[in-house]
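Peer 1: 3D, please:
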Amino acid sequence: MAEWNVLTNDANIKLMSETLKISPITAHVLANRNIRSKSSAVRFLNPSLEYSDGAASMKDVEKASKIIAKAKQKNVKTVIYGDYDVDGVMSTVILYKTLQRFGIDVSFYIPHREEEGYGLNASAIEKISADGCKLIIACDNGISSFKEIELAKELGMAVIVMDHHEPGFTELDGEDIEAIDHVPDAAAIIDPKQKECKYSFKDLCAAGVCYKFAEYFYSAVGMEFYERSEFLVLACIATYCDMVGMTGENRILAKNGLKLLNSDNYSNIGVKALIKERELEVGKIDAYEIGYRIGPCINASGRISHAKDAVELFIETDPKAAKKLAERLGELNEERKTMTGDACEAAIEAADLNEKIVILFSPKIHESIIGIVAGKVKDALNKPVIVLSKSGEFIKGSARSIESYDIYKGLYKCRDLFERFGGHSMAAGLTMVEENIDELRKRLNDECVLEETDFVKIINIEKELESEEITFALAKELEMLEPFGKDNPDPIFCSRGVFTDQIDIIGSNKKTLRFTFGVDGVRKIKAVCFNKLDDFMESLRKSYSDKICAGFLSGDIKRLTVKMDIAYNIDVNEYKGNVSVQIRIVDFKF
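Peer 2: Have a look, this model is predicted:
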């Protein structure tokens, strides 16, 4: 059972509310996010592009621009080497279109997930070299490709890296401190996570890095940045889908990109085709639809087929061809959904609950979905999880972690066991031989200092509210805090001792609950609670007779009065032209 942690702060809420002209409740949420000054609050509530930092302070951005400019002068054949997830696809498209507009002989290369795996690989580099390439730009990968970049140099190619993953580090005097970046000897490396990088915001996704580079590059070479709106939309989609922190520069990219997406005021035919294929309504696209309707289709191409299909969609200029590619991605996503359902359930059942770092080796799980499975198991157990699957002569793994454990650091200490690996604090990928699995399991769990309390799911409550405070005006005001995500979660509030007026079981799987709560004896608030019927019935049986419980399940009893404590999000609900306040219950206690 989750524990509720009601957040507190020492901010002058009354002054914040009056100065910013917002409700004390919204001011309280801002203070909980450590947004205390007027300037930081204004920037947060109005994440305008004018507040965005230029890329000039990024390490090697000037060097990379000069290398590319020189490549045009010498007519150097260039390859953008991307990755097969949303971030890698969008990074590839941004750089490909930038160099194409600049007049460079450019093509792109996306490795096949199963046959080549993540990042630069020797056979691909040899093939690229044989095709006459002299410059590789690796995006969303490359920061850990030491051997591969050395090979490229031996073959007469220069490599520019544009990445956002953690660089390796050298420990000083045996101390566990990340003192010196350990990076490959590339011609230029743009990665804000390098300690020598002066760029103030460190949490951009790769497409965000590439967008910032394009913005700098266009200015440096004197080109008008006509593609700004298009690239902002691409970077926005990647930012939502790559689960990076939704603060600072990411917040600016995501909010302004989403605004453009809903205005339809951008030029990418492929994005528009995919929106139409997904049957999304322009003007009402939100973070959920990007993360759960658009993103999975892009990812499905790399999981089931080849991610070059997604890149081709977003560089396509013919609407009819784009329509076919979008339909293809939709079909692949349906196939992917079928594959993942049973695999996730089986993995959760097979997990060893005694392990602090849960390691699951299942040769039957298709390697293309191990990341999804790892995420689902992590969410179910609230523990760091690594799912391993057979891939030819090697084992491939995908790791997902919780806030209290840096999975990248843990794996870095075991790097001698891997053929390759990379990632960041919350997610990582690896390739290894099967005989090293037991040693990996032992090392990670022996060195893990997490306590049992770290595995208890904590629900952070912004503020306890009286039911009278849940209003449509508040719901509209809270929309100012969007986009929500990592580091800026959708605010959760709680109310205690509320009474249900009516309860319905709804949804195609009959696992979702719809409540009506009375307020002031007059007003009623609707609430929805997704996929929690089993938990609700478990609590209900402790307080009500079997007859009442059976009547509720059968639908014969609807007007059931239950006293509950509820934790919830507050939403604006639109239905048939009518708008009202609605709450989404995330947890409850009887």
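
Peer 1: what about the helices in the stretch 401-550 of the chain?
Peer 2: Taking DSSP state H, counting those that start in this stretch as the test, the helices found in the stretch 401-550 of the chain are 407-412, 437-447, 472-478, 533-540, 546-554.

Peer 1: just put those helices in JSON lines and tack on mean pLDDT.
Peer 2: Supplementary listing: the helices of the stretch 401-550 of the chain in JSON lines, determined by pLDDT from 0 to 100:
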{"stretch": "helix 407-412", "mean pLDDT": "93"}
{"stretch": "helix 437-447", "mean pLDDT": "96"}
{"stretch": "helix 472-478", "mean pLDDT": "96"}
{"stretch": "helix 533-540", "mean pLDDT": "92"}
{"stretch": "helix 546-554", "mean pLDDT": "91"}
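
Peer 1: any idea which of those gets closest to Pro47?
Peer 2: helix 472-478 (15.4 Å; C-beta to C-beta). Every C-beta, even on glycine, is put in place using the N, C-alpha and C of the backbone.

Peer 1: surely Ser129 is in contact with Leu155?
Peer 2: Yes: with contact defined as C-beta atoms under 8 Å, Ser129 reaches Leu155; the gap is 4.2 Å.

Peer 1: between the two, who's got more neighbours?
Peer 2: Ser129 (18 against 14; other C-beta atoms under 10 Å).

Peer 1: now the helices of the stretch 401-550 of the chain in JSON lines, with mean neighbour count?
Peer 2: Output for these, formatted as JSON lines (neighbours: other C-beta atoms under 10 Å):
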{"stretch": "helix 407-412", "mean neighbour count": "21"}
{"stretch": "helix 437-447", "mean neighbour count": "16"}
{"stretch": "helix 472-478", "mean neighbour count": "16"}
{"stretch": "helix 533-540", "mean neighbour count": "15"}
{"stretch": "helix 546-554", "mean neighbour count": "13"}
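
Peer 1: turn the ones you listed into TSV, columns for distance to Lys576.
Peer 2: Listed next are the helices of the stretch 401-550 of the chain as TSV, based on distance: least, C-beta to C-beta, whole Å:
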stretch	distance to Lys576
helix 407-412	46
helix 437-447	53
helix 472-478	16
helix 533-540	26
helix 546-554	28
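
Peer 1: which one of those helices lies closest to Asn299?
Peer 2: Nearest of the helices of the stretch 401-550 of the chain (C-beta to C-beta): helix 407-412, 20.1 Å.

Peer 1: kindly export that closest one (C-alpha atoms) in PDB.
Peer 2: Extracted C-alpha coordinates of helix 407-412, given in PDB (Å, rounded to 0.1, in the frame of the first residue of the first chain):
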ATOM      1  CA  ILE A 407      21.100   2.600 -12.400                       C
ATOM      2  CA  TYR A 408      23.800   4.100 -14.700                       C
ATOM      3  CA  LYS A 409      26.300   4.400 -11.800                       C
ATOM      4  CA  GLY A 410      25.400   0.800 -10.600                       C
ATOM      5  CA  LEU A 411      26.000  -0.600 -14.100                       C
ATOM      6  CA  TYR A 412      29.100   1.500 -14.600                       C
END
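
Peer 1: which residues sit in contact with the residue nearest in space to the middle of the chain?
Peer 2: By C-alpha atoms, centre = their mean, the chain has its centre lying nearest to Met243, at 1.8 Å. Contact partners of Met243, counting by C-beta atoms under 8 Å, 6 or more residues apart in numbering, are 426-427, 485-486.

Peer 1: buried subset of the residues you listed, written for PyMOL?
Peer 2: Provided next is the PyMOL selection string for whichever of those are buried by 16 or more other C-beta atoms under 10 Å:
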select buried, resi 426+427+485
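
Peer 1: biggest separation within the contacts of Met243, which pair?
Peer 2: Between any two of the contacts of Met243 (C-beta to C-beta), the greatest distance is 14.2 Å, for Ala427 and Gly485.

Peer 1: for Glu50, see how far away the nearest residue to Leu45 once chain neighbours are set aside is.
Peer 2: The shortest distance from Leu45 to any non-neighbouring residue, by C-beta to C-beta, 6 or more residues apart in numbering, is to Met480 (5.2 Å). Met480 sits 18 Å away from Glu50, going by C-beta to C-beta, to the nearest Å.

Peer 1: what's the domain layout of the chain?
Peer 2: If you go by automatic domain parsing, the domain ranges for the chain are 53-223, 351-455, 458-589.

Peer 1: the longest helix anywhere in the chain packs against which elements?
Peer 2: When the chain is parsed with DSSP state H, its longest helix is helix 319-350. If you count contacts as 3 or more C-beta pairs under 8 Å, 6 or more residues apart in numbering; DSSP states H and E, helix 319-350 packs onto helix 269-277, helix 295-304, helix 308-315, helix 370-381.

Peer 1: save those helices as TSV, and put in distance to Phe455 and mean pLDDT too.
Peer 2: Below are the helices and strands packed on helix 319-350 laid out as TSV (distance: least, C-beta to C-beta, whole Å; pLDDT from 0 to 100):
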stretch	distance to Phe455	mean pLDDT
helix 269-277	38	97
helix 295-304	28	94
helix 308-315	36	97
helix 370-381	7	92
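
Peer 1: mind putting these into CSV with distance to Asp85 and mean neighbour count?
Peer 2: As requested, the helices and strands packed on helix 319-350 are exported to CSV (distance: least, C-beta to C-beta, whole Å; neighbours: other C-beta atoms under 10 Å):
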stretch, distance to Asp85, mean neighbour count
helix 269-277, 16, 22
helix 295-304, 6, 25
helix 308-315, 9, 24
helix 370-381, 8, 21
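
Peer 1: what strands line up against whichever helix or strand comes after the longest helix of the chain, and which way round?
Peer 2: Tracing the chain past helix 319-350, the next element assigned as helix or strand by DSSP states H and E is strand 358-361. Strand 358-361 pairs in its sheet with strand 385-391 (parallel), by DSSP bridges.

Peer 1: thought Asn382 was touching Lys457?
Peer 2: Yes: using C-beta under 8 Å, Asn382 makes contact with Lys457 at a distance of 4.8 Å.

Peer 1: ok, the two, which is more surrounded?
Peer 2: Of the pair Asn382 and Lys457, Asn382 is the one with more neighbours under other C-beta under 10 Å, namely 16 against 12.

Peer 1: just checking, next helix/strand downstream of the lowest-mean-pLDDT helix or strand in the chain?
Peer 2: Taking mean pLDDT, DSSP states H and E as the measure, strand 168-170 is the helix or strand of the chain with the lowest mean score, a mean of 74. Proceeding N to C from strand 168-170, the next assigned helix or strand is strand 180-182, under DSSP H and E.

Peer 1: quick one: that following strand to chain centroid distance?
Peer 2: 26 Å (C-alpha atoms, centre = their mean, to the nearest Å).
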